[in-house]
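[1] Sequence plus the predicted model coming up.
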Amino acid sequence: MNWLDRAALSISPRWGLARLRARAAARHFESAASGRRTDNWSRRGTDANAAASGATLAILRAQARDLIRNNPYAKRGARRIVTNIVGWGLRPTAAGRSAAKITELWKKWGETTECDADGRLTFYGIQRQVMTTIVEAGEVLVRRRGRRPADGLAIPMQLQVLEPDFLDSSRDRIMGQQGGPVVQGVEFDTIGRRVAYWLFDEHPGSSSFSTPTSHRVPADGVLHVFPQERPGQVRGPSWFAPVDVRLHDFDEYEDATLMRQKIAACFAAFVTDVDGAGPGLGEASTDAGQPLVETLEPGLISRLPPGKTVSFANPPAADDHASFSTTALRGVAVGLGTTYEDLTGDYSQVNFASARMGRIAHYGDVHDWRWNMLVPLLCAPAWTWILEAAALAGLIEDDPQPAEWTPPPMPMIDPEKEGLALSRLVRAGAKTFDEMVREQGYDPEEFAAEYAKGMKRLDKYGIVLDSDARRVSAAGLAQPAPKDAAAAQQPDGAVPASIPTDGGKAGGKVNGKAAPGGT
């Protein structure tokens, strides 16, 4: 308060107080003020766990599951997100002294159904099931299940995927065994580390009549995977939470529109005998006591009792169904984290530029979900479990090394343009060969070995393709090849006749035709 404010208060307290209130209001955010536009706005200052209590999470899960079961847009949206994140699976590349042995064990364990406690999925299938559950229910649990050597597994360990319903949310705000709190079934120690999970013996929603009981499972044998969006967040809500009401309303709107079209198709005629004189025009007699028609059918002709008339409601026509549906489903796509085209399958309004911009924006979220959730919370710790189990069984040396995970590529919208751009980046040195291979979803070591094997086979038969950059330039001209490099590819040191060694003057074969001369 300055001297002018004090003077105003002394002269006219009412005017001075109004002046102070006006100044204070000018310093506030409009959205934080109280007024007509914000009276019905629920603004609670709860933390992440109070906002998403156990009962709330259960309701959100149930609603999302119902939508996915019965709403085609919900089912497609969830499936497209999972497919874009996981695809054919994030594949590991082993490192360390035991890399070759680990890779061999992985092919027998991770790429077969041995890794699944239910015996149904490969590790890539488990990745997909984990992501499907996260999108639907908001979170997922993965348990480590140790196995005996007599079970005959390549690695004596399996993974069991559990829905979040197994967490006992009733164990909330109580003291844990190590002095920390238990929050919605998750137990912490005194410094905030997760030390245990309270899990039911069976799914609480199963058809069993037994009362489910929970028991304490150490956290080092459980993975709790969900995107943590707020500090201190313990559980994850369904990804359908922002859109389930909108999707439900849209579902009812479509049903109402469909019913309106059915009614419009029911052209009917009603005959009223005002004086009750009886049938005419050769019509059969009608019992005056016959009940009125309660359902309409196309082509219906019904005689009404004397004195009865029929009137119809004339509701407003819903002629903007297409535009309203597009607007509503765009909002659903935004809230769900996918594109409108992926949600609906409608690509009628996109061109190359808009499709690529939408795909790039969406894949920004995909990369976030992969590298900030799926890899650090599922793939990396599961890989640690694999190495520990293999080392304890004496299958590998105790040399734990993190794996490098290669995700599936982002699909090309226009392979000709995008492939040319990728080639230019590699040729200019702005992107390495290994980076390019990883972006296509392959392991560079395996890709290079297979590529070299293929080139060796072509050289053996004297075949030079115009796609072979060692032999043919981008302009289609033959490239000179060093003699030592060519000789290294032949068992006897001889240089294939099809490989030019004199500056390109000796013509080889390009796609079965004689190669041009020197450049």
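    All right, it came through fine.
[2] Could I get the full set of strands for this structure?
    91-93, 140-146, 157-162, 174-175, 179-183, 186-189, 194-200, 214-218, 222-225, 268-272, 300-304, 404-406, 509-510, 513-514 (DSSP state E).
[3] can those go into CSV with extra columns for mean neighbour count?
    (C-beta placed from N, C-alpha, C; glycine too.) Shown next, in CSV, are these (neighbours: other Cβ atoms under 10 Å):
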stretch, mean neighbour count
strand 91-93, 20
strand 140-146, 19
strand 157-162, 20
strand 174-175, 10
strand 179-183, 17
strand 186-189, 21
strand 194-200, 21
strand 214-218, 15
strand 222-225, 21
strand 268-272, 12
strand 300-304, 15
strand 404-406, 17
strand 509-510, 18
strand 513-514, 11
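[4] Mean pLDDT lowest where, among the ones you listed?
    Lowest mean pLDDT within the strands of the chain: strand 509-510, a mean of 44.
[5] picking up where we left off before, and Leu377, which of the strands of the chain is closest to it?
    strand 222-225 (4.5 Å; Cβ to Cβ).
[6] Identify all contacting residues around the closest one.
    130, 134, 139-144, 186, 194, 197, 199, 373-374, 377-378, 381-382 (Cβ atoms under 8 Å, 6 or more residues apart in numbering).
[7] Alpha carbons only: can I get that strand in PDB?
    The C-alpha trace of strand 222-225 is given here as PDB (Å, rounded to 0.1, in the frame of the first residue of the first chain):
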ATOM      1  CA  VAL A 222       7.700 -57.600  -9.500                       C
ATOM      2  CA  LEU A 223       7.700 -55.000 -12.300                       C
ATOM      3  CA  HIS A 224       5.100 -52.300 -12.000                       C
ATOM      4  CA  VAL A 225       4.900 -50.700 -15.400                       C
END
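[8] Sheet-wise, list the partners of that strand with their directions.
    strand 140-146 (antiparallel) (DSSP bridges).
[9] Just want the angle from the partner strand to strand 194-200.
    100 degrees (axes from the mean of the first three to the mean of the last three Cα atoms, to 10 degrees).
[10] so who does the spatially closest residue to Ala117 that is not a sequence neighbour touch?
    Closest residue to Ala117 apart from its sequence neighbours, by Cβ to Cβ, 6 or more residues apart in numbering: Gln160 at 3.8 Å. Contacts for Gln160 (Cβ under 8 Å, 6+ apart) come out as 117-118, 142-143, 145.
[11] So in terms of bridging, what pairs with Gln160?
    Going by DSSP bridges, Gln160 forms beta bridges with Arg143.
[12] Kindly indicate which of the contacts of Gln160 lies nearest Arg246.
    Out of the contacts of Gln160, the member with the shortest distance to Arg246 (by Cβ to Cβ) is Val142, at 31.3 Å.
[13] just checking, that closest one touches Leu378?
    Yes. With contact defined as Cβ atoms under 8 Å, Val142 and Leu378 form a contacting pair (6.6 Å).
[14] okay, and the common contacts of those two?
    Common neighbours of Val142 and Leu378 (Cβ under 8 Å, 6+ apart) are 130, 223, 225.
[15] And the second one, how close does it get to Gly138?
    So the one you mean is Leu223. For Leu223, the distance to Gly138 equals 15 Å [Cβ to Cβ, to the nearest Å].
[16] Using PDB, list the CA coordinates for stretch 53-71.
    Output of stretch 53-71 as PDB, limited to C-alpha atoms (Å, rounded to 0.1, in the frame of the first residue of the first chain):
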ATOM      1  CA  SER A  53      -7.800 -43.600  -5.500                       C
ATOM      2  CA  GLY A  54      -8.300 -47.400  -5.700                       C
ATOM      3  CA  ALA A  55     -12.000 -47.100  -6.200                       C
ATOM      4  CA  THR A  56     -11.600 -44.500  -8.900                       C
ATOM      5  CA  LEU A  57      -9.000 -46.600 -10.800                       C
ATOM      6  CA  ALA A  58     -11.400 -49.600 -10.600                       C
ATOM      7  CA  ILE A  59     -14.200 -47.600 -12.200                       C
ATOM      8  CA  LEU A  60     -12.000 -46.300 -15.000                       C
ATOM      9  CA  ARG A  61     -10.700 -49.800 -15.800                       C
ATOM     10  CA  ALA A  62     -14.200 -51.200 -16.000                       C
ATOM     11  CA  GLN A  63     -15.400 -48.400 -18.300                       C
ATOM     12  CA  ALA A  64     -12.400 -48.700 -20.600                       C
ATOM     13  CA  ARG A  65     -12.800 -52.500 -20.800                       C
ATOM     14  CA  ASP A  66     -16.500 -52.100 -21.700                       C
ATOM     15  CA  LEU A  67     -15.700 -49.600 -24.400                       C
ATOM     16  CA  ILE A  68     -13.000 -51.800 -25.900                       C
ATOM     17  CA  ARG A  69     -15.400 -54.700 -25.900                       C
ATOM     18  CA  ASN A  70     -18.300 -52.900 -27.500                       C
ATOM     19  CA  ASN A  71     -17.100 -49.700 -29.200                       C
END
